[in-house]
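>>> Following is a predicted model, sequence given first.
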Amino acid sequence: MPVARSWVCRKTYVTPPPSLREVPSRPGVETHWYAVISWLPVQLCCPLLDSAALNLTVYCPIFFQGEYGLRNKREVWRVKFTLAKIRKAARELLTLDEKDPKRLFEGNALLRRLVRIGVLDEGKMKLDYILGLKVEDFLERRLQTQVFKLGLAKSIHHARVLIRQRHIRVRKQVVNIPSFVVRLDSQKHIDFSLRSPYGGGRPGRVKRKNAKKGQGGAGGADDEEED
């Protein structure tokens, strides 16, 4: 008698292969198994990970979402893609001779650009240092991160709300893009917009409504006194 074929739904998690079950033992550090399933639609991270034994930021893009107040993982992937293109350009230039005109021209232009946005220090203007850049270096230069570090917002998420509601300006230009890359010369010019209630502009809707109510109540009290 033929047996009907059973359909098995795909699981949302699997047992990690033997090569991923344990972190190589280190003296004085307790090892934990971990499962970071990058080939599944949902990436799983074990909560028992030891940051000393394994760099959590490498395997979990969701870490950057909470640390830098990102909307989704796409923003992390976008920064990773930008970093990959920069590192690829640096590796191609390193294969050329040091006196090659292309390496001198394009290499200096790339280094000046990274120094201008604050990703690279002026004392490390060499192509070798570009290969050591991390995702955090670019996330630190976002306008959202800078607004929070300057104390204009109560939290990293509050900073995103202020930017999206057009309360923040860079120099004289209002910027409502949280991923805006802040240059070093523009970092000290981040402040509240002149039209924002936080920057001395027109009060918000609720404040105007309460003020109007207060004036109406005061007027009614004066009329009663006159009577």
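Arrived safely, thanks for sending. Bear in mind that the values here come from a model prediction, so they are computed numbers and not experimental data.
>>> any low-confidence regions in the chain?
Scanning the chain for pLDDT under 70 picks out 1-59, 217-227.
>>> those strands in it, which residues are they?
168-170, 173-174, 190-192 (DSSP state E).
>>> what ranges do the helices span in this protein?
For the chain, the helices defined by DSSP state H cover 18-21, 56-59, 61-68, 73-94, 101-116, 127-130, 135-139, 143-149, 156-164, 205-226.
>>> most packed of the strands of the chain?
When the strands of the chain are scored by mean count of other CB atoms under 10 Å, the highest mean neighbour count falls to strand 168-170 (a mean of 22). The way it works is simple: take the backbone N, C-alpha and C, and place the C-beta from them, glycine included.
>>> Paired strands for that strand, with orientation please.
Using DSSP bridges, strand 168-170 pairs in its sheet with strand 173-174 (antiparallel), strand 190-192 (antiparallel).
>>> closest one to Arg91 among these?
Arg91 lies closest, by CB to CB, to one member of the strands paired with strand 168-170: strand 190-192, at 34.0 Å.
>>> got the contact list for the closest one?
Counting contacts by CB atoms under 8 Å, 6 or more residues apart in numbering, the residues outside strand 190-192 that touch it are Leu143, Gln146, Val147, Leu150, Leu152, His167, Ile168, Arg169, Val170, Val182, Tyr198, Gly199.
>>> The second one reaches Arg183, doesn't it?
Looking back up the chat, that one is Gln146. No: taking contacts as CB atoms under 8 Å, Gln146 lies outside contact range of Arg183: 10.6 Å.
>>> Give me the more crowded residue out of these two.
Per other CB atoms under 10 Å, whichever of Gln146 and Arg183 has more neighbours is Gln146, with 21 against 13.
>>> returning to that earlier point: will you turn the strands of the chain into CSV that also has distance to Glu98?
Formatted as CSV, these follow (distance: least, CB to CB, whole Å):
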stretch, distance to Glu98
strand 168-170, 38
strand 173-174, 40
strand 190-192, 39
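>>> and Leu93, which of those strands is closest to it?
For Leu93, the closest of the strands of the chain is strand 168-170, at 31.2 Å, according to CB to CB.
>>> how about Lys149, what does it touch?
Residues near Lys149 by CB under 8 Å, 6+ apart: none.
>>> Kindly provide the distance from it to Arg141.
From Lys149 across to Arg141, the span is 11 Å (CB to CB, to the nearest Å).
>>> picking that back up, show me which of the contacts of strand 190-192 is closest to Arg112.
Nearest to Arg112, judged by CB to CB, of those is Val182 at 16.6 Å.
>>> can you tell me how far that closest one sits from Ser196?
Going from Val182 to Ser196 by CB to CB gives 18 Å.
>>> likewise Val76?
Distance of Val76 to Ser196, given as CB to CB: 29 Å.
>>> Ok, Glu92 next?
According to CB to CB, Glu92 stands 45 Å off from Ser196.
>>> Looking at those two, which has the bigger crowd around it?
Ser196 (19 against 13).
>>> Return the backbone torsion pair for the more buried one.
Ser196 adopts backbone torsions of phi -80, psi 150, taken as degrees, to the nearest 10.
>>> That one: what's it in contact with?
For Ser196, the contacting residues are Arg166, His167, by CB under 8 Å, 6+ apart.
>>> ok, it to Gln144 distance?
Per CB to CB, Ser196 is found 16 Å from Gln144.
>>> before we move on, what about Gln215?
From Gln215 over to Gln144 the distance is 38 Å, taken as CB to CB.
>>> who's more crowded, these two?
Remark: of Gln215 and Gln144, Gln144 carries more neighbours, 27 against 10, as counted by other CB under 10 Å.
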